[in-house]
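> need a 3D model of the sequence below.
(chains A and B)
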2 protein chains.
Amino acid sequence: MYKVKVYVTLRESVLDPQGTAVKSALHSMSYNEVEDVRIGKFMELTIEKSDRDLDVIVREMCEKLLANTVIEDFRYEVQEVVTK
Amino acid sequence: MYKVKVYVTLRESVLDPQGTAVKSALHSMSYNEVEDVRIGKFMELTIEKSDRDLDVIVREMCEKLLANTVIEDFRYEVQEVVTK
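Sure thing, here's the model as predicted:
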């Protein structure tokens, strides 16, 4: 069994209105040190072992569903879970 | 200047309907290996150096705004950015 952590972030060139709103909110709470906020998604998948290659299927899932690759980048980390 | 990566996840005991929907979508795309999906948020803050302690203000920002600590957990990583 694997735990796969997927991080989806907006590409640098894409405006992030949600991030801008959070930044304004933090400034209004007097956290003026905050210069920039970018907001993304974090997904944790639990995946069973199968005949298919894990890297291939995770990449496919990200490209087809989890990330919109036109405006988003993704990266992932795989961790094997050993069950006794 | 610091880059702070904040990860906000639903607590284990809290249902994640969005994750369940994504899992169903992945199954319908024949990724039946996927056993569970949990969805969270990932935020990247750029913070200027100031007199206040970074750990203290990041924790405060998470508790007051970025995470709903009743149903969510948060963790963060700090990375110092050296500008020349």
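> residues from chain A in reach of chain B?
Contact residues, chain A versus chain B (Cβ under 8 Å from any Cβ of the partner chain): A:1, A:7-9, A:19, A:22, A:25-26, A:29, A:31-50, A:52, A:57, A:60-61, A:64-66. To be clear about C-beta, it is placed using only N, CA and C from the backbone, and glycine gets the same treatment.
> the same query, at a cut-off of 7 Å, please.
When proximity is defined as Cβ under 7 Å from any Cβ of the partner chain, chain A approaches chain B at A:7, A:9, A:25-26, A:29, A:31, A:33-48, A:50, A:57, A:61, A:64-65.
> narrow those residues to those that are buried.
Neighbour counting by 16 or more other Cβ atoms under 10 Å in any protein chain shown classes A:7, A:9, A:25-26, A:31, A:33-34, A:37-47, A:57, A:61 among the residues of chain A next to chain B as buried.
> and the angle for the helix or strand encompassing residue A:38 with strand B:34-47?
For residue A:38, the host element (DSSP states H and E) is strand A:34-47. Here the directions of strand A:34-47 and strand B:34-47 differ by 170 degrees (axes from the mean of the first three to the mean of the last three Cα atoms, to 10 degrees).
> which SS state does residue A:31 fall under?
Look at residue A:31: counting by DSSP: H, G, I helix; E, B strand; the rest coil, its state is coil.
> which ones are touching it?
By Cβ atoms under 7 Å, 6 or more residues apart in numbering or on different chains, residue A:31 lies in contact with B:57, B:61.
> spatially nearest residue to residue A:14 (excluding sequence neighbours)?
Excluding the flanking residues, the one nearest residue A:14 by Cβ to Cβ, 6 or more residues apart in numbering or on different chains is residue A:71, at 4.8 Å.
> state the distance from that neighbour to chain B.
Per Cβ to the nearest Cβ, to the nearest Å, residue A:71 is found 15 Å from chain B.
> next one: that residue from residue B:60, what distance?
Plainly put, residue A:71 is 31 Å away from residue B:60 if you go by Cβ to Cβ, to the nearest Å.
> quick one: which of the two has more around it?
Applying other Cβ atoms under 10 Å in any protein chain shown to residue A:71 and residue B:60 shows that residue B:60 carries more neighbours, namely 14 against 11.
> count the residues that sit near residue A:16.
Applying other Cβ under 10 Å, we find 19 residues neighbouring residue A:16.
> that one touches residue A:10, doesn't it?
Yes: using Cβ atoms under 7 Å, residue A:16 is in contact with residue A:10, at 5.2 Å.
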